[in-house]
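Colleague: everything below, folded, please.
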Amino acid sequence: MDIGKGGASRREGRLGGLLNIRKRRVTTEISVETTETVSIRRNGPSGVSWCGQCGKDTEMVSLEDAAAIKAVTPQWLAQCIAEGKVHFSAPKQGVILVCLPSLLVLEVPLSRGSQSELQRTTERGRPT
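Modeller: Okay, here's the model as predicted:
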């Protein structure tokens, strides 16, 4: 390595020319796939019941349990029921049972999931 007149260092190759040394930035992307199992202890009415939209007996859960399964608010889920995205039954006045098979195929937008993520974060003290 030679020090030139300006005090800058340079490297000379075999042919006597200057070598340009460049730094290269490497970016590594890591994807992590996780699964989550939700166990719910049922407090309200549920069980196997007739779903008119499915046309068969299906597992039904309360609106609150269904919201917990999908990690959304009961109000948001009630809106999905009103829009016909989720099947339901109302055997008693004021009681809404949600068809579990139709609930499991419901796609929840990320903006809805992030609200529950924030709640989980504050409950556990760290993100899940």
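Colleague: could you confirm residue 49 falls within a helix?
Modeller: No. Read with DSSP: H, G, I helix; E, B strand; the rest coil, residue 49 is strand and lies in no helix.
Colleague: okay, buried residues for the lengthiest strand in the chain please.
Modeller: As assigned by DSSP state E, the longest strand anywhere in the chain is strand 56-62. Neighbour counts over strand 56-62 (16 or more other Cβ atoms under 10 Å) mark 58, 59, 60, 61, 62 as buried. In short, each C-beta sits where N, CA and C put it, glycine included.
Colleague: the helices in the chain, which residues?
Modeller: Along the chain, the stretches classed as helices by DSSP state H are 63-70, 74-82, 100-104, 110-124.
Colleague: between the ones you listed, which has the poorest mean confidence score?
Modeller: If you rank those by mean pLDDT, helix 110-124 sits at the bottom with a mean of 48.
Colleague: surely residue 51 and residue 58 touch.
Modeller: Yes. Residue 51 is within contact range of residue 58, at 4.5 Å (criterion: Cβ atoms under 8 Å).
Colleague: find the residues that touch each one of these two.
Modeller: Contact criterion Cβ atoms under 8 Å, 6 or more residues apart in numbering; residues shared by residue 51 and residue 58: 87, 99, 101.
Colleague: returning to what we had before: what helices or strands is the longest strand of the chain leaning on?
Modeller: The contact analysis (3 or more Cβ pairs under 8 Å, 6 or more residues apart in numbering; DSSP states H and E) places strand 56-62 against strand 47-51, strand 97-99, helix 100-104.
Colleague: hey, which of the ones you listed is tucked in deepest?
Modeller: strand 97-99 (a mean of 26; mean count of other Cβ atoms under 10 Å).
Colleague: paired strands for it, with orientation please.
Modeller: Using DSSP bridges, the strands paired with strand 97-99 in its sheet are strand 56-62 (antiparallel), strand 88-89 (antiparallel).
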